[in-house]
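A.B. asks: sequence and predicted structure are below.
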Amino acid sequence: MKYLTTAIAALFVGGAALAGQIAPSDVVFEDGAVAQSLTGVAGDPENGKVLMNKGAGNCIACHEVTALQEWPFHGEVGPILDGAGERWSEAELRGIVSNAKVMFEGTIMPSFYKNTGYTRPGDAYTGKAAEGELAPLLTAQEVEDVVAYLMTLKYE
Amino acid sequence: MKKPIAGLALAAALALPSVAVADEDAKLIINGEIELVTETEPAAHLDGALRSVRSGWTFRTTETQALQMDDFDNPGMIFVDQALDSFETVDGAAGKSCASCHEDPAEFEGLRAQLPKYNEEAGEVWTMEMYVNNCRTERMEAEAWGWKSQPMLNMNALISLQSRGMPVNVAIDGPAQSVWEQGKEMYYTRYGQLELSCANCHEDNYDNYIRADHLSQGQTNGFPVYRLKQANLITQHNRFRGCIRDTRAHTFAEGSPEFVALELYVASRGNGLSVEAPSVRN
C-alpha cells in the first residue's frame, strides 16, 4: 500500500512539474545560494522585469529599483536593489528569490519557491482557507526569469 | 528649450504628492479646542518594542489629517448623528430603546477607553459590539445587530465619541491576562503564504512605505474609523481581516474569540493614546 501511494504521489509531482524542473522541496541550498537552475531553461529578463512590478512577484512593493522608475510607488521595507547583479552571484540571487530565509534568517521577505510550512495558508487573497497542495508564489521558470532580471542590475 | 520645460513640469507634478505627506509634528486639535495625544511613551508591557507610540493620524497626509480636525469636515460624524436617532428608537419585544435605560449617550464617557474588558458576569472579555448586542437581546428583546452592520458601526461610533480625548487604558492583568497573551501570540505569528505578522509591518516597518501605503503602527485608538477608501465606518475586526487576508492567509471571522483577543492586545499597545473615534483614515 505504502509503495502504491508513493508511486501515485511521484506520478502526480511528475505530472504537475515539467521535465527537468526541480520541485520546491528538492531545491538544494548551499550557504543560502542555489547553484542549479530550477528548470534548465535560461531565464527571460523581460518577463522577470514584469514580475518585479506585479503578480505574485511584486518585488517593488518592498524594494526600490531605479531602473524601474516607469512604475510608481516603490517600497522601503527591503534594501534598494540597484547593483544587485554585481553584489550577488546568480546562484545567490536564485537562493534569495527562492527562499530568502535561508540566506537571511528570519527575514520579512517572503519565500517565493516554497509551498509548505505555512500558518493558516489562504486561497490567494480571498481570505478563505487554501485547499489542496499550494503552488509556490512563483513558478520555477518565473524564479529563473526574476533572477535573470536581477542579474541585469549593475552599478552605473 | 522644450525638453527642460517639460522635464520641469514633470518634476513639479511628481513633487506634488510629497507635499501631502504626513507632518509628524502636527498637533491634533479638534474643533480648535480638544487637544488629543497622538504620540506617547510606550507602556512597560511593550518591553521596548516601540520607541514611541504613535496614532495612525500622524502617518496620514495633511489633507486626511485635516478632515479629522473639524467635526463639520469629519465624514464619520454623519453616522454618529444616525446613531443618535437609533438611540431613541424603540425596538424589540420589550418595547424599549437605548434611551429607556440610558438617559444620554454621555453616560458612556470613559467606556471606549477601557474596551475590550473582562466582563465578570459573562466570564469573558467583551468588546463594544458585545455590550451593545447584550442590551439588544437581553434588555430590549430585539435582534442582535450584525458585527459590521451599519447600525452597530454607528452606535459604536456614538458611544466611542463620548470618550474622545481620554487616554486608552485597557487592563491586561487579572482575568484578562490569558486573553491578552493569546492576542500577543497572534500579533507575532507570521500568517499566510507571505509569512507576515502584524509586527513585521506595524512594529518593524512603521513609517516605511510598502508599495503606496505609508505603514503606521496599526493602532486602534481611532476605531471605528471612517475609511475614505470604503466611504464608511469600519470595525477593528474588518481591518484585522483585511491585513491578514493580505498575507495570503485564511483569516479569522469578525467577532471571533481570536479577534477579540487580538483587539485587546493591540489596544494595549496604544495605552496612553487618546481615543480618536470616529477618526479619518485613507
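C.D. replies: Yep, it's here. Residues are numbered from 1 along each chain as shown, chains lettered A, B, ... in the order given.
A.B. asks: tell me where the stretch 51-200 of chain B has helices.
C.D. replies: B:62-67, B:77-88, B:98-101, B:111-114, B:128-134, B:150-161, B:177-187, B:198-202 (DSSP state H, counting those that start in this stretch).
A.B. asks: now render those helices as JSON lines, adding mean neighbour count and distance to A:Leu38.
C.D. replies: Where you see a C-beta, it was placed from the backbone N, CA and C, and this is true even at glycine. Below are those laid out as JSON lines (neighbours: other C-beta atoms under 10 Å in any protein chain shown; distance: least, C-beta to C-beta, whole Å):
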{"stretch": "helix B:62-67", "mean neighbour count": "16", "distance to A:Leu38": "44"}
{"stretch": "helix B:77-88", "mean neighbour count": "16", "distance to A:Leu38": "52"}
{"stretch": "helix B:98-101", "mean neighbour count": "16", "distance to A:Leu38": "62"}
{"stretch": "helix B:111-114", "mean neighbour count": "19", "distance to A:Leu38": "53"}
{"stretch": "helix B:128-134", "mean neighbour count": "20", "distance to A:Leu38": "48"}
{"stretch": "helix B:150-161", "mean neighbour count": "24", "distance to A:Leu38": "48"}
{"stretch": "helix B:177-187", "mean neighbour count": "18", "distance to A:Leu38": "34"}
{"stretch": "helix B:198-202", "mean neighbour count": "21", "distance to A:Leu38": "27"}
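A.B. asks: for B:Val280, which of those helices is the nearest?
C.D. replies: helix B:62-67 (4.4 Å; C-beta to C-beta).
A.B. asks: ok so, going back, quick one, which of the helices of the stretch 51-200 of chain B is nearest to A:Met151?
C.D. replies: The nearest among these, by C-beta to C-beta, is helix B:198-202 at 28.1 Å.
A.B. asks: same question for the helix or strand that comes right after that closest one, mean pLDDT?
C.D. replies: The helix or strand immediately downstream of helix B:198-202 is strand B:209-210, counting by DSSP states H and E. If you average the pLDDT over strand B:209-210, you get 96.
A.B. asks: now do strand B:209-210: distance to the chain's middle.
C.D. replies: Here strand B:209-210 is found 20 Å from its chain centre; the criterion is C-alpha atoms, centre = their mean, to the nearest Å.
A.B. asks: same thing with stretch A:124-143?
C.D. replies: Centre to centre, stretch against its chain (C-alpha atoms, centre = their mean), the figure for stretch A:124-143 is 12 Å.
A.B. asks: could you do stretch B:154-164 as well?
C.D. replies: 11 Å.
A.B. asks: what does chain A put close to chain B?
C.D. replies: Counting by C-beta under 8 Å from any C-beta of the partner chain, chain A comes close to chain B at A:58, A:60-62, A:72-77, A:108, A:110-111, A:118-130, A:134, A:137.
A.B. asks: and those, which of them are buried?
C.D. replies: A:58, A:60-62, A:74-77, A:108, A:110-111, A:118, A:120-123, A:127, A:130, A:134, A:137 (16 or more other C-beta atoms under 10 Å in any protein chain shown).
A.B. asks: quick one, what contacts B:Glu141?
C.D. replies: By C-beta atoms under 8 Å, 6 or more residues apart in numbering or on different chains, B:Glu141 lies in contact with B:Gly92, B:Ala93, B:Ala94.
A.B. asks: which one of those residues is nearest chain A?
C.D. replies: B:Gly92 (32.9 Å; C-beta to the nearest C-beta).
A.B. asks: pLDDT score assigned to the most centrally placed residue in chain B?
C.D. replies: Closest residue to the average C-alpha location of chain B: B:Phe223 at 2.5 Å, with C-alpha atoms, centre = their mean. At B:Phe223, the model reports a pLDDT of 98.
A.B. asks: distance check, the most centrally placed residue in chain A against A:Val146.
C.D. replies: Centroid check for chain A by C-alpha atoms, centre = their mean gives A:Phe112 as the closest residue, at 3.4 Å. In this view, A:Phe112 and A:Val146 are 8 Å apart by C-beta to C-beta, to the nearest Å.
A.B. asks: do the same with B:Ser149
C.D. replies: 44 Å.
A.B. asks: what do you get for B:Leu111?
C.D. replies: 52 Å.
A.B. asks: one more: B:Leu84?
C.D. replies: 55 Å.
A.B. asks: next: A:Tyr118.
C.D. replies: In terms of C-beta to C-beta, A:Tyr118 sits 21 Å off from A:Val146.
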